[in-house]
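A.B. asks: sharing a sequence plus its predicted fold:
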There are 2 protein chains.
Amino acid sequence: MGATPKKRKIKTPKGDQTKALILETALEMFQERGYEQTTMRAIAEKANLSLGNAYYYFHSKEYLIQAFYHRTHEQHLAAVLPALQDETSLKARLLTVMRLKIETLKPYHEFAGVLFKTAANPGSPLNPFAEESDPVRMESIELFEQVVEGSKARIPKDLRAELAYLLWVYHLGIILFWIHDPSPKHRRTFRLIDHTVDLLDKLISLASNPFMMPLRKQALRLVEELREAATAEDEIQGKDDEERRKQSD
Amino acid sequence: MGATPKKRKIKTPKGDQTKALILETALEMFQERGYEQTTMRAIAEKANLSLGNAYYYFHSKEYLIQAFYHRTHEQHLAAVLPALQDETSLKARLLTVMRLKIETLKPYHEFAGVLFKTAANPGSPLNPFAEESDPVRMESIELFEQVVEGSKARIPKDLRAELAYLLWVYHLGIILFWIHDPSPKHRRTFRLIDHTVDLLDKLISLASNPFMMPLRKQALRLVEELREAATAEDEIQGKDDEERRKQSD
DNA sequence: GCCGTTAGTTGAACGCGTTCAAAAACGCGA
DNA sequence: TCGCGTTTTTGAACGCGTTCAACTAACGGC
């Protein structure tokens, strides 16, 4: 795998244009009417091409979501980076990142619901732990690395190494809550962020106490194991018969 | 809501039979071929009735899953209760419950994946936090209450009150991991259970330390808030237009 | 300029979940 | 026994995601 880079698909001169057009149209309609209400036929029609053509560029409707992932992440980044300049404490930095995340996602509350629904499906390529979403995930974790690195907090090395990943998982949890949060203006979610960030800050201090070393070590070993498991594509059972065979792309 | 109990539907003399038949057939086929592969048409055919008839009893294919929920929970209970007799320590009791849970779910690994996929959808009635799954959830939490109550562990009152709920959430997390776990015989999941239970046991001890009172209080306030949010059906935005209108049953 | 190969595009079809109007079966008081 | 309301059952239809064989356009070598 990954040995022969294939000669074809040199540049995709015109295809790129069409693909971009489909994507634009789709995301636009998703935001307007939501995911379920937007049919592939409608997307094709609005983009002035045939249904089958849309499927030539996006293997399934779900794949359009991945683009959404990527886009909002970049919007978030654009909003977050300048705001982080002023903040030095870990707590303030984390707070900024989390609040802006929700702000960024705000226009897509309903859509995001679907996103997580499909994302939770182990078979789906949208699963944030799955191989295909590697780049987005890694970029996202990187952001939390910056949150940690840029702060003045004194954190033991072993914890520091895993902290970014842990914060990324935490941020998934907050998004999950937000999706289920029907309160006006997402008040509850913002309150939750305030409280959890505060708590996290205290926990990190506590865990950094030398007194806590043994427990911390054990917990970190656990985290490591979880990460392994999430990445490991080996050890696969003989289950996904037809599913996995579609590697052509 | 819940004021007029409606006179009709006194006993549903024959309907019950049909409904049960559909359910049996469906679950059987789910186990054999998985959820997606089992079509409503196939279920109807195997049960010797028309497609529309199946929909008369189950508003959608998803509703069949709820029955699955309930059934496996009861199987789990049946396996767990005797086994708990012998165990007195919190750690051992929790370990027993968790291991048997996975054992119970084993035959449905693929199916369970779909379950969680739809369960993660906020709009779905299968969402474990949603109103419609109240009874199952409450029974399930009750089990963890027994786990705590039956143990000799000394736990502060405030923590004890929330512990069952926390353990229930923890158990959801383990199931989520298990669904994604491709390792043979679910080795990884069992290892994870061992480690996390050990860790949890230590954490509970730690949290029970008087020294930890302030932090514990703060954390528990947070948990309480989360539970509220999950239950609160008020404060709803003006979103779900058509969805919510189907109250007829 | 012709031809073969690849990229891009089309429209019709399939299978599935779901809906619905209408028929059938049932229960029960007159 | 008949009529009438309710429950149960039916079969056909709709809309959607997805697939596929066939067509056209673009490009490069001869």
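C.D. replies: Everything's here; your move.
A.B. asks: how about residue A:38, secondary structure?
C.D. replies: Per DSSP: H, G, I helix; E, B strand; the rest coil, the local secondary structure of residue A:38 is coil.
A.B. asks: quick one: distance of the lowest-mean-pLDDT helix or strand in chain A to the chain centre.
C.D. replies: Least confident helix or strand, chain A: helix A:109-119 with a mean of 74, by mean pLDDT, DSSP states H and E. Centre-to-centre, helix A:109-119 and its host chain are 12 Å apart (C-alpha atoms, centre = their mean, to the nearest Å).
A.B. asks: can that helix be found next to DNA strand C?
C.D. replies: No - figure legend: helix A:109-119 not in contact with DNA strand C (C-beta under 7 Å from any atom of the strand); closest approach 13.5 Å. Placement of C-beta: from N, CA and C, glycine included.
A.B. asks: what lies in contact with the next helix or strand after that helix?
C.D. replies: Along the chain past helix A:109-119, the next helix or strand (assigned with DSSP states H and E) turns out to be helix A:134-149. Outside helix A:134-149, the residues within contact range by C-beta atoms under 8 Å, 6 or more residues apart in numbering or on different chains are A:66, A:69-70, A:73, A:76-77, A:80, A:84, A:90, A:93-94, A:97, A:128-129, A:155, A:160, A:163-165, A:167-168, A:171.
A.B. asks: now the helices for chain A?
C.D. replies: A:15-33, A:40-46, A:51-57, A:61-84, A:90-105, A:109-119, A:134-149, A:157-180, A:187-208, A:213-231 (DSSP state H).
A.B. asks: can you list those in JSON lines and add distance to residue B:226?
C.D. replies: Formatted as JSON lines, the helices of chain A follow (distance: least, C-beta to C-beta, whole Å):
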{"stretch": "helix A:15-33", "distance to residue B:226": "29"}
{"stretch": "helix A:40-46", "distance to residue B:226": "37"}
{"stretch": "helix A:51-57", "distance to residue B:226": "41"}
{"stretch": "helix A:61-84", "distance to residue B:226": "24"}
{"stretch": "helix A:90-105", "distance to residue B:226": "16"}
{"stretch": "helix A:109-119", "distance to residue B:226": "17"}
{"stretch": "helix A:134-149", "distance to residue B:226": "22"}
{"stretch": "helix A:157-180", "distance to residue B:226": "8"}
{"stretch": "helix A:187-208", "distance to residue B:226": "7"}
{"stretch": "helix A:213-231", "distance to residue B:226": "21"}
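A.B. asks: for the residue of chain A positioned farthest from its centre, what are its contacts?
C.D. replies: In chain A, residue A:211 marks the outermost C-alpha relative to the chain mean, sitting 34.8 Å out by C-alpha atoms, centre = their mean. Listed by C-beta under 8 Å, 6+ apart, the contact set of residue A:211 is empty.
A.B. asks: check what pLDDT the closest residue in space to residue A:64 that isn't next to it in sequence gets.
C.D. replies: Residue nearest to residue A:64 in three dimensions, not counting chain neighbours: residue A:26, with 4.8 Å by C-beta to C-beta, 6 or more residues apart in numbering or on different chains. According to the prediction, residue A:26 has pLDDT 95.
A.B. asks: low-scoring stretches of chain A, by residue?
C.D. replies: Counting by pLDDT under 70, the low-confidence segments of chain A come to A:1-13, A:118-126, A:128-133, A:230-249.
A.B. asks: DNA strand D contacts on that one?
C.D. replies: Counting by C-beta under 7 Å from any atom of the strand, chain A comes close to DNA strand D at A:13-14, A:38-41, A:51-52, A:55, A:59-62.
A.B. asks: quick one: which of the residues you listed is most hemmed in?
C.D. replies: Within these, most neighbours by other C-beta atoms under 10 Å in any protein chain shown means residue A:38, with 22 neighbours.
A.B. asks: touching, it and residue A:26? I think so.
C.D. replies: Yes - the criterion here is C-beta atoms under 8 Å, and residue A:38 meets it with residue A:26 at 7.1 Å.
A.B. asks: chain neighbours aside, what residue packs nearest to residue A:47?
C.D. replies: Among residues not flanking residue A:47 along the chain, residue A:25 sits closest, at 4.3 Å (C-beta to C-beta, 6+ apart).
A.B. asks: how many other residues sit next to that neighbour?
C.D. replies: With other C-beta under 10 Å as criterion, residue A:25 counts 21.
A.B. asks: likewise residue A:222?
C.D. replies: If we define neighbours as other C-beta under 10 Å, then residue A:222 has 16 of them.
A.B. asks: so who does it touch?
C.D. replies: B:192, B:195-196, B:199.
A.B. asks: again with residue A:75
C.D. replies: Per C-beta under 8 Å, 6+ apart, neighbours of residue A:75: residue A:104.
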